[in-house]
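Predicted model and sequence follow; I will ask about them next.
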Amino acid sequence: MMIIWNIIFLIILIIFVIFFFRVFLFKTGLIHTFNKFITTIQDSFQVYQYLKVPEFNENMQYNLLYGKLSLYLNSLPSIEDSDCINLVTGTNQNDIVLSLHANQTIHDSFLGARLFWLSQQNELDRTGSFLLKIRKADKRRVLRPYFNHIHAIVDEIENQRKRELRLFITAGDSAGKSRWRSTPFTHPSTFETIAMESDLKDKIKSDLESFLKAKQYYRRIGRVWKRSFLLYGPSGTGKSSFVAAMANFLSYDVYDVDLSKVKGDSDLKFLFVETTPKSIIVVEDLDRFIEEKSKLTSSFSVSGIQNFMDGILSTCCGEERVMVFTMSNKEQIDPILLRPGRVDVHIHFPVCDFSAFKSLAINYLGIKEHKLFPQVEEIFRQGSSLSHSEIGELMIANRDSPTRAIRSVIGALKTDGDGRGSEEKIQRQIRDDDVDSAPERFNTVKDLRRIYSLFRKRSSRRSQASISPMP
Ligand SMILES: Nc1ncnc2c1ncn2[C@@H]1O[C@H](COP(=O)(O)OP(=O)(O)OP(=O)(O)O)[C@@H](O)[C@H]1O
Ligand SMILES: [Mg+2]
């Protein structure tokens, strides 16, 4: 009898010990260490195989699978169990997105198999990789459908995010190399908000649409599937806004290359291979850069810039890129740099004419007609003109009163026409109008002062808009 009681007592004791051990493990967080210990024991009875997915291939071209994997792994719920995770802001500033830290393992399960992904970072070149650990016994059965599953999930995520475009800008890393930093691209410019000849706009839109459909064609003729545009014209005529409109039209990300931050040819190549397909690569003020480059000793070579423009490096790491170069004047540029094939379409951005003025009036003031329009037209006919941004700013500053807005434009155009004291006169006119009564406009006045300093710089004159597609 005594023995039976002893056994019962022992069983109850064991149950209590197990119970308290579990509570202790959970309360102290030691459960994770315990689980790792169990996994290590299990692992020692298994034969595993390792597969590596590097960020770049041996030719330093970006590996698209790496990007997809990163998206997939960061979307797994098990990321929360990792020892160290990065918290970053999402597209919406209030969103917090989890992303896997270097040297962290995340587990996944698929068709009954357990898969482990280790994120790694090379200390020397700061490039990343993912290492997959999978049981040899599961590999043959699971691997192919598992990667199909990853592709399907990533496509789904990308479809959800389709409208969330990103703007990439050049920034240096700790090793002094140029890298991309991205931020949501929310520029509201569209082809509808750009004041430009409607025929020209339609031509460009259909050019872009036919480019999107031409994958097979480009492949058949052995050319890189890319299209290059040169936007040239005076300051404030809408070149940058046009690039944003293109990005919104195509739903492409924008890579804004700041050549002044790029160290030289190899850095430029590196930046290029890091861009992804379905993107617009923009180089603003190329003429200014080339002019400055000739004065400074630079590690850029003409062929480095040409190769970049040709996008020859993009052939093996996905295509579908649009390249855009902006400049104020193309006359000074070596024609080799703009030869057909290197730059496919030249688009001229002239200073504002009467028809562009009317588009701006519709957009900024919400009016299609006004009794002062004939007067404005006459002034334009006499050869006066301003840039779109100058006129736009005057309209924004006086948006409460279209009449006042148009009068101020007329004043500015006239001053421009006879060339007398533009800055002083227009500032007085704005002060005389009810600027003081609207505190928020003080900013606008400040802006206007800044903008009118452009008057002195402006050199180009009215001309016809033109698009010259190269064969
Ligand atoms: N054609 C246009 N249609 C509508 N708005 C315009 C146009 N051109 C300029 N603007 C307005 O003027 C401002 C400046 O334009 P933008 O920066 O695109 O000019 P830009 O040609 O790139 O000038 P820069 O050569 O100095 O960079 C923008 O806020 C834009 O809204
Ligand atoms: Mg610009």
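Happy to help now that I have it. Numbering: from 1, shown residues only. Ligands and ions are numbered 1, 2, ... in the order given.

May I see the domains of this protein written out as residue ranges?
Domain segmentation of the chain under automatic domain parsing yields 48-160, 170-349, 354-452.

Skip the chain neighbours and tell me the closest residue to the most centrally placed residue in the chain.
If you average the C-alpha coordinates of the chain and look for the closest C-alpha using CA atoms, centre = their mean, you land on L167, 2.1 Å from that point. With CB to CB, 6 or more residues apart in numbering as the measure, F185 is the residue that lies nearest to L167, at 3.9 Å, once sequence neighbours are left out. Glycine gets a C-beta too; all of them are placed from N, C-alpha and C.

Determine the number of other residues adjacent to the one you found.
F185: 19 surrounding residues under other CB atoms under 10 Å.

ok, it touching V243?
No - taking CB atoms under 8 Å as the contact criterion, F185 and V243 are not neighbours in contact, 10.7 Å apart.

Common neighbours of the two, please.
Taking CB atoms under 8 Å, 6 or more residues apart in numbering as the contact rule, the neighbours common to F185 and V243 are V254.

and the closest residue to ligand 2 within the stretch 351-471 of the chain, which of the three is it?
Evaluated by CB to the ion, the stretch 351-471 of the chain has S389 as its residue closest to ligand 2, separated by 9.4 Å. Secondary structure for S389, judged by DSSP: H, G, I helix; E, B strand; the rest coil, is helix.

follow-up on the earlier one: let me know the secondary structure of the residue nearest to the centre of the chain.
Here L167 is strand, with the state taken from three-state DSSP.

got the contact list for it?
Contacts of L167 by CB under 8 Å, 6+ apart are S182, T183, P184, F185, H187, D253, V254, D256.

Strands of the stretch 51-200 of the chain, residue ranges please.
Listed in chain order, the strands of the stretch 51-200 of the chain (DSSP state E, counting those that start in this stretch) span residues 85-89, 96-100, 105-110, 113-121, 128-135, 166-172, 178-184.

go on, the stretch 201-350 of the chain?
Along the stretch 201-350 of the chain, the segments classed as strands by DSSP E, counting those that start in this stretch run 226-232, 253-257, 279-283, 321-327, 345-348.

who's in contact with whichever helix or strand comes after the shortest one?
Reading on from strand 345-348 to the C-terminus, the next helix or strand found by DSSP states H and E is helix 354-360. Among residues not part of helix 354-360, those counted as contacts by CB under 8 Å, 6+ apart are 195-197, 352, 368, 373, 376-377, 380-381, 388, 391-392, 395, 409.

how about a cut-off of 7 Å?
Outside helix 354-360, the residues that touch it by CB atoms under 7 Å, 6 or more residues apart in numbering are A195, M196, V376, E377, F380, H388, I391, G392, M395.

could you flag which of those are buried?
Burial of those was assessed by neighbour count (16 or more other CB atoms under 10 Å); the buried members are A195, M196, V376, F380, H388, I391, G392, M395.

hmm, back to that, from the contacts of L167, pick the one nearest ligand 2.
Comparing the contacts of L167 against ligand 2 with CB to the ion picks out D256 as the nearest, at 10.4 Å.

For F373, see how far away the closest one is.
In this structure, D256 and F373 are 37 Å apart, going by CB to CB, to the nearest Å.

One more: F116?
70 Å.

What of M1?
Distance of M1 to F373, computed by CB to CB: 113 Å.

again, but for A412
From A412 over to F373 the distance is 16 Å, taken as CB to CB.

And the two? Which one has more around it.
Remark: of A412 and F373, A412 carries more neighbours, 25 against 16, as counted by other CB under 10 Å.

what about that one, helix or strand, and which?
Secondary structure assignment for A412, by DSSP H and E: helix 402-418.

so what's K205 closest to, chain neighbours aside?
Residue nearest to K205 in three dimensions, not counting chain neighbours: F191, with 6.3 Å by CB to CB, 6+ apart.

residues contacting the one you found?
Shown here is F191, whose contacts under the criterion CB under 7 Å, 6+ apart are K201, K205, A245, F249.

How about G304?
By CB under 7 Å, 6+ apart, the residues touching G304 are D265, L268.

so which residue of the stretch 151-300 of the chain comes closest to ligand 1?
G238 (2.7 Å; CB to the nearest ligand atom).

Verify the contact between that residue and T193 for me.
No - at 9.5 Å, G238 does not count as touching T193 under the criterion of CB atoms under 7 Å.

Looking at those two, which is more packed in?
Using other CB under 10 Å, the more surrounded residue of G238 and T193 is G238, with 23 against 17.

How much space separates the more buried one from L231?
In this structure, G238 and L231 are separated by 9 Å, where distance is defined by CB to CB.

Just tell me which of the strands of the stretch 201-350 of the chain ends up closest to ligand 2.
strand 321-327 (5.9 Å).

CA atoms only for that closest one, dumped as CSV, please.
Extracted in CSV, the C-alpha atoms of strand 321-327 (Å, rounded to 0.1, in the frame of the first residue of the first chain):
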residue,chain,number,x,y,z
ARG,A,321,13.9,50.6,-68.3
VAL,A,322,13.2,54.1,-69.5
MET,A,323,16.1,56.6,-69.3
VAL,A,324,15.6,60.3,-69.1
PHE,A,325,18.2,63.0,-69.4
THR,A,326,17.4,66.6,-68.9
MET,A,327,19.3,69.7,-69.9
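
ok, and what's touching that strand?
Defining contact as CB under 7 Å, 6+ apart, one finds that strand 321-327 is touched by 226-232, 239-240, 243, 246, 250, 252, 275, 277, 279-287, 309, 311, 314, 333, 343.

which residues sit in contact with the residue in the stretch 101-250 of the chain that ligand 2 sits nearest to?
Among the residues of the stretch 101-250 of the chain, S240 lies nearest to ligand 2; the distance is 3.2 Å by CB to the ion. Contacts here follow CB under 7 Å, 6+ apart; on that basis S240 touches E284, T326.

which one is L365 nearest to, not counting chain neighbours?
The shortest distance from L365 to any residue that is not its chain neighbour, by CB to CB, 6+ apart, is 4.6 Å, and that residue is P402.

Over to D258?
Closest residue to D258 in three dimensions, ignoring its sequence neighbours and counting by CB to CB, 6+ apart: T170, at 4.6 Å.

Pretty sure the one you found sits against K261.
Yes - checked against CB under 7 Å, the pair T170 and K261 is within contact range at 4.7 Å.

Of these two, which one has the most company?
Neighbours around T170 and K261, counted as other CB under 10 Å, are more numerous at T170. The numbers are 19 against 13.

Enumerate the residues of this protein near ligand 1.
By the rule CB under 6 Å from any ligand atom, the part of the chain lying against ligand 1 is 193-196, 235-241, 349, 388-389, 392.

can you rerun that using 8 Å?
Within the chain, the positions adjacent to ligand 1 are 189, 193-196, 231, 233-244, 284-285, 326, 328, 349, 352, 356, 359-360, 363, 387-389, 392-393 by CB under 8 Å from any ligand atom.
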